[in-house]
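Novice: From the sequence below, what's the structure:
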Amino acid sequence: MVERRKMPVVNDMTAMIQAVGELSGETRAMHASLSESIKVIRDDIKRIETSTNENLLHMENRINTKVDSVSKRVSTLEATDKSMGEKITKVITVTGLTSGAMVIAAVELLKRL
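Specialist: Numbers count the residues shown, from 1 in each chain. Model (predicted):
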């Protein structure tokens, strides 16, 4: 009778060891699967990060180009504004001198009449 009791215990132990072995195998498989998934995610993150950095650099270059273009336009407008100011000053001076000369000539004409 003692042997009969040991037999089911041995069978139960064998079944438990087999179940633990299966669990270990499944755990290893899950670990391998998770490790692969983590590797894929890391690769995706690196790819996205690289792409984002490239896009940011491209955008920065475009913005710098636009800023340079606007800066050149502003410089051109400032130079034109200065030139126009000088021309206006010359016109005002010439107009003032001409008006003054005409007034003097008119006064002289009126004196002689």
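Novice: For residue 14, pull up the helix or strand it's in.
Specialist: Counting by DSSP states H and E, the element that carries residue 14 is helix 2-112.
Novice: what is the mean pLDDT for that helix?
Specialist: The average pLDDT for helix 2-112 rounds to 86.
Novice: any idea which residue sits dead centre in the protein?
Specialist: residue 56 (3.6 Å; C-alpha atoms, centre = their mean).
Novice: And that one, how close does it get to residue 64?
Specialist: Distance of residue 56 to residue 64, computed by C-beta to C-beta, to the nearest Å: 12 Å. Any C-beta I mention is one placed from the backbone N, CA and C, and that applies to glycine too.
Novice: got it, and residue 88?
Specialist: 36 Å.
Novice: same question, residue 11
Specialist: 78 Å.
Novice: With residue 95 instead?
Specialist: Plainly put, residue 95 is 46 Å away from residue 64 if you go by C-beta to C-beta.
Novice: ok, now residue 38?
Specialist: On the measure of C-beta to C-beta, residue 38 and residue 64 end up 38 Å apart.
Novice: can you count the residues close to residue 14?
Specialist: Residue 14: 10 surrounding residues under other C-beta atoms under 10 Å.
Novice: now residue 31
Specialist: 10.
Novice: do residue 101 as well
Specialist: Residue 101 has 10 nearby residues by other C-beta under 10 Å.
Novice: Please report the distance of it from residue 94.
Specialist: Taken as C-beta to C-beta, the span from residue 101 to residue 94 is 10 Å.
Novice: Stretch 12-21: which residues count as buried?
Specialist: By neighbour count with 16 or more other C-beta atoms under 10 Å, stretch 12-21 contains no buried residues.
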